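> Using only what follows, build the 3D model:
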Amino acid sequence: MKIAYCYSEILPSNVARSIQVVNTCAALAKQVRQVIFYIPAGYCNEKHLFSFYNIKQPENLKICFCKKKWGFFSSNQIFNYSLRRAVSDNKPDIIITRHLKTADALINSHTPLIFEAHEIFSNKKSSALKNRVLENRVFAGSQGVICLTKGLSNALQNSFSSRACFSIVPSGTKVSTQVRTQPALSGKKLYVTYAGTTRYRWKGISTLMKAMVLLPEHISLEIVGDLNQIYKSEKAVLQLTKQKRLKITGHLPPNKAALHLKKAQVAVIPNSGKDIISRIYTSPLKLLEAMAEGLPVVASDLPSIREIVSEDQAVLVTPDDPGALAEGILKLFQDAGLRTRIAKNAWLRAKDFSWEKRAGRIIKMAREVLNRASN
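As a prediction, the model looks like this:
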C-alpha cells in the first residue's frame, strides 16, 4: 500500500498535533510499502524535521515538499494547488489528511480519501455557514473518516450525510519499555506537572490554578510549556507566583519536554466539562504521554477521558471543581500504594495506544476503504 499523508501546516511546530502527525507517518511507514508525507516547502529539511521530533526516519517514508509561499505571501490555497499536482504525479493508493480545506481540494482526485476529523468546525459561531458547506462536501466526498473518539464519531454521523467508513482511532504515544519505580517523596519538594498548551480555556488552567491555592504550600506546580497571557493576571496565578510555587519552563522541543515527564511526580489533566471539544471530542496526547511514562495521573472525569482510562488507571475528579481537583492531587501524594498501582495500570493501558497500534488501526481502515472502492 502506498499512502499519501497531506499536512498543510508548517513543520516543525510547537503544537501537539504535529507530534501526532509525524509519529503517525513514521509508524505507518513501518507497516506499508511507502508513505509520502506532503508538507509545506521552505521551512525545514528532512534531517531537521525528524531530529526535532526525536524520530528515526524510516527508509520508505518520503518527504514531498509543496510550495506554500509566493514571494512573501503564504497561503493554504497555494499549498493545495501544488499538492494536487504532486499527489497526481505520485499516484498513491490512498490519501489521508486532517485539514478540511486540503480534503476539499483532494476529494475529486480519483484516489480514495480518508479525512481525520478532530472537531466539528460548523459548531463554531464564526464562519459556521461557510464551514458547514465545506464539511458537507468533505464528508459526502470522503471514502473514510477517522475519529479520535466514539463521541466525535456519533456526533459526525448524526450531523452529516456520509457513505464513508467511520473508524475510531485515538491519539498515540511512545511507551516506555518498562514501568518506572515510583520515587519516594518523603522529605522532597512536591510538584504537580502540567504538560502542554495553555492556550485554550477548555484545558482547565484556571481550575488548576485555583486548586493549587487550596493545596499545602509545600506542593508546587510545574508547567512544561508556556503560560498564556490570559491567565497571568488571575488572582490564583499571582498568589502562586508570590509564594514561589509556580515553575514555567517555557516552550520545549518534544525530546526535552519528555525529560520533564520522566522526572515528574504526579501529572494533571484538568480539562473543562464546559466545552464540547474537551467533553466529547478530544483524545489528549499529554494524558497518553504521562501514562506511557508510568506517571500517576489526576484527570477530569469526562466521556473523552473515560475512553482512555478508568478509575483503575487514574484518579478521576469532577471537572471545573478546584476543590475536587485539589483533593485528587493530595490523595495521590499521600498514598504511595495508590500512586504505584495507578501508574502501573496506566502504563499497561498505554500499550493499547502506541504509535504502532494507531498506525495498525489506520491501515485496517484503509484496506476496508480500498476493498469498497474495488467492488
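
> and N131, how many residues sit next to it?
16 (other CB atoms under 10 Å). For the C-beta atoms, the positions are set from N, CA and C on the backbone; glycine is no exception.

> mind checking how far it is from S122?
Separation of N131 from S122 (CB to CB, to the nearest Å): 4 Å.

> quick one, what contacts T24?
The contact partners of T24, by CB atoms under 8 Å, 6 or more residues apart in numbering, come to Y5, G172, W355, R358, A359, I362.

> ok, now with 7 Å
G172, W355, R358, A359 (CB atoms under 7 Å, 6 or more residues apart in numbering).

> quick one: Q313 is in a helix?
No - read with DSSP: H, G, I helix; E, B strand; the rest coil, Q313 is coil and lies in no helix.

> ok, back up a step: take the contacts of T24 and keep only those in helices.
Counting by DSSP state H, these place W355, R358, A359 in helices.

> tell me the pLDDT at the first one?
Model confidence at W355, given as pLDDT, is 98.

> right, and it touches A27 too?
Yes - look at W355 against A27 with CB atoms under 7 Å: they come within range, at 4.0 Å.

> So which residues of the stretch 51-200 of the chain form strands?
Remark: strands assigned in the stretch 51-200 of the chain by DSSP state E, counting those that start in this stretch are 61-66, 69-70, 73-74, 94-97, 113-117, 144-147, 165-168, 190-195.

> Ok, which of those comes nearest L246?
strand 190-195 (10.5 Å; CB to CB).

> list the buried ones in the closest one?
By neighbour count with 16 or more other CB atoms under 10 Å, strand 190-195 contains the buried residues Y191, V192, T193, Y194, A195.

> before we move on, the earlier item: the strands of the stretch 51-200 of the chain: lowest mean pLDDT?
Among the strands of the stretch 51-200 of the chain, strand 73-74 has the lowest mean pLDDT, at a mean of 78.

> Pairing partners for that strand, with directions?
Note on strand 73-74: by DSSP bridges, its sheet partners are strand 69-70 (antiparallel).

> Which residues does the strand it pairs with contact?
Under CB under 7 Å, 6+ apart, the answer for strand 69-70 is G42, I78.

> got a list of what T340 touches?
By CB under 7 Å, 6+ apart, the neighbours of T340 are Q182.

> 10 Å - rerun?
By CB atoms under 10 Å, 6 or more residues apart in numbering, the contact list for T340 reads V179, T181, Q182, G294, P296.

> what is F37 paired to in the beta sheet?
Y5, I63.

> can you map out the strands along the stretch 201-350 of the chain?
Secondary structure of the stretch 201-350 of the chain (DSSP E, counting those that start in this stretch): strands located at 219-224, 246-248, 266-269, 297-300, 315-317.

> still on that earlier bit, between W355 and A27, what contacts are shared?
Counting by CB under 10 Å, 6+ apart, the residues touching both W355 and A27 are I55, G172, K174.

> out of those, who's nearest K67?
Nearest to K67 among the shared contacts of W355 and A27, with distances taken as CB to CB, is I55, at 24.8 Å.

> first vs last residue of stretch 240-255, how far apart are they?
28 Å (CA to CA, to the nearest Å).

> Would you mark the buried spots in that stretch?
L240, R245, L246, T249, L252, P254.

> was I right about the first one contacting I205?
So the one you mean is L240. No - with contact defined as CB atoms under 10 Å, L240 and I205 do not form a contacting pair (11.8 Å).

> Can you pull the residues that touch both of these two?
With CB under 10 Å, 6+ apart as the test, L240 and I205 both reach E234.

> who's in contact with M1?
Contact analysis of M1 by CB under 10 Å, 6+ apart lists 28, 31-35, 92-94, 363, 366-367, 370.

> who are the neighbours in contact with the residue nearest to N123 when sequence neighbours are not counted?
Once flanking residues are discounted, N123 sits nearest to I276: 6.8 Å by CB to CB, 6 or more residues apart in numbering. Neighbouring residues of I276 by CB under 10 Å, 6+ apart: E119, I120, N123, G151, L152, A155, W202, T282, S304.

> still on that earlier bit, now the contacts of M1 as TSV including secondary structure and neighbour count?
Below are those laid out as TSV (DSSP: H, G, I helix; E, B strand; the rest coil; neighbours: other CB atoms under 10 Å):
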residue	secondary structure	neighbour count
L28	helix	27
Q31	coil	15
V32	coil	18
R33	coil	10
Q34	strand	18
V35	strand	26
P92	coil	21
D93	coil	18
I94	strand	24
I363	helix	17
A366	helix	25
R367	helix	13
L370	helix	16
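
> Between those, which sits nearest K232?
Nearest member of the contacts of M1 to K232, counting by CB to CB, is L28, at 40.3 Å.

> you'd agree that closest one is up against P92?
No - between L28 and P92 there is no contact under CB under 10 Å: 11.9 Å.

> which regions of this structure sit below the pLDDT cut-off?
187 (pLDDT under 70).

> In contact with L287, which residues?
171, 173, 195-196, 267-269, 271, 295, 297, 299, 304-305, 308-309, 313-314, 346, 350, 353.

> Are any of those residues buried, and if so which?
Buried by 16+ other CB under 10 Å: 171, 173, 195-196, 267-269, 271, 295, 297, 299, 304-305, 308-309, 313-314, 346, 350, 353, out of those.
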